[in-house]
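Peer 1: One predicted model, sequence on top.
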Amino acid sequence: MAAQLDAALRASGVLLTLVDDTEGGADMQRRSVLRALGAAGLAVAGWPTSSPAELPRRVGPDHVADVVETTAIYRAWVSRHGGTAVRQPAALLLERAANLHAAATDARTRNDLLVALADLAGLGAYIARDIGAHASAAEHARLALSAAAGAGETALGAHTIVRMAGHSIELRQPTQTIALLDAVQRQTSDLTPGDRANQACIRAWAHAQLGDADQVIRAVDTAEDAFVGAPITSSTAWAAQHVTEAELYSLTGAAYVDLARRHPRYAQDAVDRLTRAIDLRRESLARNRVLDQISLAQAFLHAAEPDEAGRVALRAHNDRTGITSRRVDGRFNELIAALRPFQRQHNTIQDFFDRRDGVGL
């Protein structure tokens with residue numbers, strides 16, 4: 001197809017070269033991810049990896065700290081820019097963490113590296129979700145669960161299952177979502193208020209996808225009650241971004257958007273909550289803010305306010321600059337399809353399509 005387009009447009013082979021480069025880059029990413037998963041799987045199982053020669057002779061706390069700090073950098077990048085650019089670096093870090101674990105001799109260091117590896121595998125699952133690699137996301141999540149169990153980190157294991165529940169919400173599998181959340185509650189007795197709030201938010205969204213308004217309202221009330229008792233800051237890096245006030249309003253707002261698909265009277269609840277979430281989002285969470293804006297535009301459509309939907313969609317389009325996320329791309333495509341029938345009747349929506357298509361620029 002690229003060759004035919006290149007010939008038709010007389011591009012002298014440029015289009016074909018670009019496709020080859022893109023496919024080569026994607027293949028390199030896949031190889032890096034598979035190699036990292038293999039090395040990490042061996043480390044978690046207690047088997048030696050084929051550690052490269054450049055590993056340090058003595059692995060200590062400073063090496064653990066390096067993995068932890070770099071994981072935090074990649075996590076922040078995903079929240080701001082999306083996961084595409086850091087997929088391969090995160091895979092390389094996962095492989096290095098596995099090799100460091102194999103080379104370490106101190107029991108404390110080995111356990112700390114196993115915890116770091118579990119957190120990094122969980123981030124790998126989140127990155128895979130963001131680029132639409134759902135099978136890879138599931139494989140990373142299973143690895144994270146195994147590593148957390150091996151390190152005796154019940155809280156991190158529970159957190160991983162909750163993120164799997166969030167993945168099921170994206171895939172519109174509400175029954176699976178509820179089953180995963182129930183499993184966490186059965187197996188974990190020491191959930192923090194922030195954990196309970198976040199889980200209740202996801203549960204509300206699952207019930208919204210099932211169309212059960214009473215259960216949605218009950219779960220939202222539970223989330224808000226739990227959040228009141230949550231500390232301002234979280235002691236665990238992996239949980240911090242999921243237990244904020246912005247996330248509370250974002251998830252419950254998204255739940256009401258789904259509920260408004262069947263029951264439009266809940267659209268205003270979605271508008272109010274998502275507006276609050278957007279106001280609370282920091283610049284460091286630009287990707288998440290755009291996702292909230294897309295949900296808000298959908299909420300305005302359910303509220304029969306297409307002009308407002310067009311204004312919000314245009315802001316989301318402008319704020320999307322610098323974000324490379326297939327999840328954002330997919331959500332935008334859904335919004336575009338929903339806005340299309342209103343394009344000729346409402347100026348704000350026409351403005352959105354004009355800007356998107358580069359008309360008048």
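Peer 2: Noted; the coordinates are in hand. Residues are numbered from 1 along each chain as shown.
Peer 1: Report all helices and strands that the helix or strand containing A97 contacts.
Peer 2: Using DSSP states H and E, A97 maps to helix 87-103. In terms of contacts (3 or more C-beta pairs under 8 Å, 6 or more residues apart in numbering; DSSP states H and E), helix 87-103 is packed against helix 14-45, helix 61-81, helix 107-130. Quick note: C-beta positions are derived from backbone N, CA and C, even for glycine.
Peer 1: As CSV, these with mean neighbour count, mean pLDDT and distance to G150 would be great.
Peer 2: Below are the helices and strands packed on helix 87-103 laid out as CSV (neighbours: other C-beta atoms under 10 Å; pLDDT from 0 to 100; distance: least, C-beta to C-beta, whole Å):
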stretch, mean neighbour count, mean pLDDT, distance to G150
helix 14-45, 16, 68, 6
helix 61-81, 17, 93, 15
helix 107-130, 24, 95, 5
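Peer 1: Export those as CSV, with columns for distance to N333.
Peer 2: Below are the helices and strands packed on helix 87-103 laid out as CSV (distance: least, C-beta to C-beta, whole Å):
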stretch, distance to N333
helix 14-45, 20
helix 61-81, 19
helix 107-130, 15
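Peer 1: So which of the ones you listed is nearest E245?
Peer 2: Comparing these against E245 with C-beta to C-beta, the closest turns out to be helix 61-81 (15.5 Å).
Peer 1: which residues are in contact with that closest one?
Peer 2: 56, 85-86, 89-90, 93, 96-97, 100, 104, 109, 112-113, 116-117, 119-120, 123, 126-127, 130, 237, 241, 283-288, 322-325 (C-beta atoms under 8 Å, 6 or more residues apart in numbering).
Peer 1: for H263, phi and psi?
Peer 2: Per-residue torsions, H263: phi -130, psi 90 (degrees, to the nearest 10).
Peer 1: if I pick it, what's in contact with it?
Peer 2: By C-beta under 8 Å, 6+ apart, the neighbours of H263 are 211, 213.
Peer 1: Next one, pLDDT for it please.
Peer 2: If you check H263, the pLDDT there is 96.
Peer 1: ok, now the one 4 residues further on?
Peer 2: At A267, the pLDDT value in this model is 98.
Peer 1: T160 contacts L143, correct?
Peer 2: No - shown here, T160 and L143 do not form a contact pair, counting by C-beta atoms under 8 Å, at 9.5 Å.
Peer 1: Need the overlap of contacts for those two.
Peer 2: A118.
Peer 1: Contacts made by stretch 40-56 with the rest, please.
Peer 2: Against stretch 40-56 from outside (C-beta under 8 Å, 6+ apart): 39, 63, 94-95, 97-103, 114, 117, 121, 143, 146-147, 150.
Peer 1: actually stretch 302-310, not the one I wrote
Peer 2: Contacts to stretch 302-310, defined as C-beta under 8 Å, 6+ apart, come from residues 257, 260-261, 264, 267-268, 270-271, 297-298, 300-301, 339, 342, 345-352.
Peer 1: Name the helix or strand for W205, please.
Peer 2: helix 193-210.
Peer 1: Now that helix: average pLDDT?
Peer 2: For helix 193-210, the mean pLDDT works out to 95.
Peer 1: mind listing what's buried in that helix?
Peer 2: For helix 193-210, the neighbour count (16 or more other C-beta atoms under 10 Å) marks 194-210 as buried.
Peer 1: Check stretch 141-157 too.
Peer 2: For stretch 141-157, by 16+ other C-beta under 10 Å, it's 141-151, 153, 155-157.
Peer 1: I'd like the list of these that fall within strands, please.
Peer 2: Using DSSP state E, no member of the buried residues of stretch 141-157 sits in strands.
Peer 1: of all those residues, which comes closest to A219?
Peer 2: Closest to A219, out of all of the buried residues of stretch 141-157 and judged by C-beta to C-beta, is A155, at 21.8 Å.
Peer 1: List the contacts of the helix holding A97.
Peer 2: With C-beta under 8 Å, 6+ apart, helix 87-103 has contacts from 28-29, 32-33, 35-37, 39-40, 42-43, 48-49, 51-52, 55-56, 59, 63-64, 67, 70-71, 74, 110, 113-114, 116-117, 120-121, 123-124, 127-128, 131.
Peer 1: quick one: low-confidence parts of this structure?
Peer 2: 1-27, 50-53, 230, 232-235, 359-361 (pLDDT under 70).
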